[in-house]
Structure formats: C-alpha cells, structure tokens
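Student: A predicted structure for the sequence below; I have some questions about it.
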Amino acid sequence: MFDSELDAAKELNKNKFTRGAGAIAGVVLEKHLGQVLTNHNLKLTKKNSSISDFNDILKSSGIYDTPTWRKIQHLGDIRNLCDHSKTREPKQEEVDELISGVTAIIKTVY
C-alpha cells in the first residue's frame, strides 16, 4: 500500500502537481508514524494528532534519536506547506525531498 501511494506521489510531482503529491506523501508518513506508535503500544493524547505530535511521542519514548526526529519535523514542514496555502507554493524539489524522505523513514523506523 505505501509503495503504490508513494509511486502515485512521484508521478504527480513529475507532472507538476506538487501540492497533491506532497499531500499524499504526508498521509503516508502520518499513517506510518501512527502504526509505529501502535507497534510500541504508545498512546496519543490528542484527538486530532499531527505528524509533529506522533514525532514528539516517538522521540520522547526513545524509539528514535534527535537526528531522526529533526528529519521527520522537516518532512512534516514540507507536508504542511503542501496542505496549507498560507505562505507560498511548494517547490517540486521540496516534494521530491519529502517523497524520498518518507521512503527512507518507512524503511528504517518501525
């Protein structure tokens, strides 16, 4: 499931649908972090949690280190840029980074 969604995000980004591509990659990251929480029997305290909330819980629980936490924060920032049109349009290179970063996280954090 994750690989096909990321493949769809890659294709969208290649065709300059950067917001949609980033949104899909962000959903994959969010779902994966939620599954990691479940795998480690960790609970969320907020009803509508975000990537940042998942990330903080996983770091504070010792599931991963500060560099991984920072990388996920950065990926979450790119995802937010795609999902919210408050500041500027996301760049195709940023979404490429988001997609490749999510690919790496789902293969290394579990």
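Tutor: Nice, I can see it.

Student: what strand or helix carries the spatially closest residue to Asp53 that is not a sequence neighbour?
Tutor: Closest residue in space to Asp53, ignoring its immediate chain neighbours: Lys46 at 5.7 Å, by Cβ to Cβ, 6 or more residues apart in numbering. Every residue, glycine included, has its C-beta placed from N, CA and C. Per DSSP states H and E: Lys46 is located in neither a helix nor a strand.

Student: now Asp53
Tutor: In the assignment (DSSP H and E), Asp53 maps to helix 51-60.

Student: output that helix as PDB, restricted to C-alpha atoms.
Tutor: C-alpha atoms of helix 51-60 as PDB (Å, rounded to 0.1, in the frame of the first residue of the first chain):
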ATOM      1  CA  ILE A  51       2.900  14.300  12.300                       C
ATOM      2  CA  SER A  52       4.600  16.600  14.800                       C
ATOM      3  CA  ASP A  53       2.500  15.000  17.700                       C
ATOM      4  CA  PHE A  54       3.400  11.500  16.600                       C
ATOM      5  CA  ASN A  55       7.100  12.500  16.100                       C
ATOM      6  CA  ASP A  56       7.300  14.100  19.600                       C
ATOM      7  CA  ILE A  57       5.900  11.000  21.300                       C
ATOM      8  CA  LEU A  58       8.100   8.600  19.400                       C
ATOM      9  CA  LYS A  59      11.300  10.600  20.200                       C
ATOM     10  CA  SER A  60      10.400  11.100  23.900                       C
END
